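1. coordinates only, sequence not included:
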């Protein structure tokens, strides 16, 4: 594994790369709203081995080991801006065949990137992604705010984010619960997606309903399939790790053949 820092748009991003396979795509892992490269643990390496693909994991700005956010305030289109950073990162690292594996916010970023940068994205695996704001999502965020003030959640997050925790937590919660964010929606971007798509969702997801899946599948232009896992919540790659590795690796092999 190689790890270190890459400058993208004058921003310092922490990256980890596993490069083992010649002439094979790179699976790029995009973490969630409180996530980090380290929080994927050994999942990327295991999926890379199962799919015989190279792997890239990175911390977005304000997360993990990347540089801090300048401010907790975010525009409504902050996920769209993250897709642009991702595109620049792929160019900087000379990754021409990317398979995006995005969880939650990362899944939304994957969808946006695939709609804008078709020549760079080979396939997408979305896990618990959002394409619009739901009441269940907001209720999940309000519970997280309660946990932040009444439990040791901040301390646990600090193990991965250091002194960035307060800013990144506020950036997530204040943005999503803001009045002007209720209308955030990326459905209009989805018809531009032509690459193969797998949407993994737990049917007990505490941050989103199956409407996120069905609408995404219906709107994209490429081949798309859902994979719904019973009795699993918002993090299938952790709650059903082996199953999701099997499903995702099979999808990758099929996508590359097709």
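-> It's in. Computed from a prediction, not measured in an experiment: that's the story for all the values here.

2. which residue is nearest the middle of the protein?
-> residue 106 (1.7 Å; C-alpha atoms, centre = their mean).

3. what about it, distance to residue 30?
-> Per C-beta to C-beta, to the nearest Å, residue 106 is found 3 Å from residue 30. Every C-beta, even on glycine, is put in place using the N, C-alpha and C of the backbone.

4. ok, and for the helix or strand where residue 244 lies, which residues are buried?
-> Per DSSP states H and E: residue 244 is located in helix 241-257. Residues of helix 241-257 classed as buried: 241, 244, 245, 247, 248, 249, 251, 252, 255, 256 (neighbour count, 16 or more other C-beta atoms under 10 Å).

5. Quick check: of those residues, which lies closest to residue 215?
-> residue 251 (19.9 Å; C-beta to C-beta).

6. Give me the local confidence score for that closest one.
-> Residue 251 carries a pLDDT value of 98.

7. What residues does the nearest residue to residue 241 once chain neighbours are set aside make contact with?
-> Excluding the flanking residues, the one nearest residue 241 by C-beta to C-beta, 6 or more residues apart in numbering is residue 43, at 6.3 Å. Taking C-beta atoms under 8 Å, 6 or more residues apart in numbering as the criterion, residue 43 is in contact with 29, 237, 238, 241, 245.

8. could these go into TSV alongside distance to residue 54?
-> TSV is the format used below for the contacts of residue 43 (distance: C-beta to C-beta, whole Å):
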residue	distance to residue 54
29	12
237	18
238	22
241	20
245	16
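
9. sorry, back to before: so the residue nearest to the centre of the chain: helix, strand or coil?
-> Here residue 106 is recorded as helix under DSSP: H, G, I helix; E, B strand; the rest coil.

10. Quick check: it vs residue 151, distance?
-> Taking C-beta to C-beta, one finds residue 106 at 24 Å from residue 151.
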